[in-house]
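> Below are the sequence and a predicted model for it; my questions follow.
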Amino acid sequence: MSLQEAQKRASALSEHRDRLSALFLTLQSNLDTVKNGSLADIKRVARQVAKEHNELVDHIKAHPELFEKPRTYVVDGIKFGMLLSNGSLQWDDDEKVCDRIRRLVDAGEITAEQADLLIKTTEKPVASALAQLDPKVLKRLGVSVEGAGDQPLIKSVDSTIEKAVTSVINAAIKEANAELS
């Protein structure tokens, strides 16, 4: 293939990308029109839903005796009542909790085996450090380098909706490749 042929193909690609960009702009304009037309109603109804939800929660909290047996009811597709919750554990700083666990081990209040279960230790190779090693050493470690060397580059330099266009193109490429497989 000659450089002239590559330039011709790049020009054709640019033309199709421009058409795709125009379609996206039209789609976005249509979505904005629909959204702006319905958004006020959506927000108004969402506020009403939130108000009704909060009022029902307040009523359930104020009258737990209504939900002793049965604990829940279903009315018009809405299940409501009381649910036993286990709660969730919360803490501000992982490191501080781990330090406190170690102190309790030192004080003999919990065992080292318990501490091993309470503190997660993760060992993971550091990619940036591995990248500094000689290829022969990497091979001995079972590490391979993917995608090294020259790779084809095709990138639009002036699209305002580049990410959306690229996403659609990449999806189409994957779909085409899947059909070939």
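Looks like it came in fine.
> The top helix by length along the chain packs against which elements?
Of all the segments of type helix in the chain, defined by DSSP state H, the longest one is helix 3-62. Contacts defined by 3 or more C-beta pairs under 8 Å, 6 or more residues apart in numbering; DSSP states H and E place helix 3-62 against strand 78-81, helix 162-180. Using the backbone N, CA and C atoms, a C-beta is placed for each residue, glycine as well.
> Least confident of these, on average?
Among the helices and strands packed on helix 3-62, helix 162-180 carries the lowest mean pLDDT, at a mean of 71.
> how close does residue 96 sit to residue 87?
Separation of residue 96 from residue 87 (C-beta to C-beta, to the nearest Å): 21 Å.
> More neighbours: those two, which one.
residue 96 (10 against 5; other C-beta atoms under 10 Å).
> Not counting its own residues, what contacts the one helix or strand that one maps to?
Residue 96 belongs to helix 94-106 when elements are defined using DSSP states H and E. With C-beta atoms under 8 Å, 6 or more residues apart in numbering as the test, helix 94-106 has contacts from 91, 110, 111, 112, 114, 115, 118, 119.
> Residue 26 - how many residues pack around it?
Residue 26 has 10 nearby residues by other C-beta under 10 Å.
> circling back: what's the spacing between the very next helix or strand once past the helix holding residue 96 and its chain's center?
Next along the chain after helix 94-106, taking DSSP H and E as the criterion, comes helix 112-118. Offset of helix 112-118 from its chain centre (C-alpha atoms, centre = their mean, to the nearest Å): 32 Å.
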